[in-house]
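Q: Sequence and predicted structure below; questions after.
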Amino acid sequence: MHNSTLDLFSEHDDVLDDQQHMINTMRDALYDAMHTCVDDSRTDDAISVHLEWCVDGVDPEDGNYVFTFLPDLTDAE
């Protein structure tokens, strides 16, 4: 149990936190893009953005979906 809200966000496993941060960033970026398309009356584009996020028509965060991450090869020799 966390003693404060700050503890909730500061005590974490770095790898899991990085992966969850990437998922959240991707989700938020696609959500914002979809709404921009809707606001611009670009329905087909909004649907395309929605389909980029959904897996078999289901929001991956609503189901039992596991995101796959490749190892970081940035510093690989």
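A: Arrived safely, thanks for sending.
Q: separation between the residue nearest to the spatial centre of the chain and residue 63?
A: Central residue of the chain (CA atoms, centre = their mean): residue 23, 2.7 Å from the mean position. Separation of residue 23 from residue 63 (CB to CB, to the nearest Å): 13 Å. The C-beta positions use only the backbone N, C-alpha and C, and glycine is treated the same way.
Q: next one: residue 29
A: According to CB to CB, residue 29 stands 20 Å off from residue 63.
Q: and the longest helix belonging to the chain, what other elements does it pack with?
A: The longest helix of the chain (DSSP state H) is helix 14-39. Counting contacts by 3 or more CB pairs under 8 Å, 6 or more residues apart in numbering; DSSP states H and E, helix 14-39 is packed against helix 43-53.
Q: Next, the angle from the helix it packs on to helix 14-39.
A: If you take axes from the mean of the first three to the mean of the last three CA atoms, to 10 degrees, helix 43-53 sits at 170 degrees to helix 14-39.
Q: Go through helix 43-53 and flag the buried ones.
A: Neighbour-count burial for helix 43-53 flags 46, 49-50, 53 (criterion: 16 or more other CB atoms under 10 Å).
Q: Please apply the same query to stretch 51-70.
A: Under the neighbour-count criterion of 16+ other CB under 10 Å, stretch 51-70 has residue 53 buried.
Q: now the longest helix of the chain, how far from the chain's geometric center?
A: Centroid separation for helix 14-39 versus its chain: 4 Å, with CA atoms, centre = their mean, to the nearest Å.
Q: Just the buried residues of it, please?
A: 30, 33-34, 37.
Q: CSV for those residues, including distance to residue 74?
A: CSV is the format used below for the buried residues of helix 14-39 (distance: CB to CB, whole Å):
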residue, distance to residue 74
30, 24
33, 26
34, 30
37, 32
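Q: and of those residues, the nearest to residue 68?
A: Using CB to CB, residue 30 is the member of the buried residues of helix 14-39 that sits closest to residue 68, with 17.5 Å.
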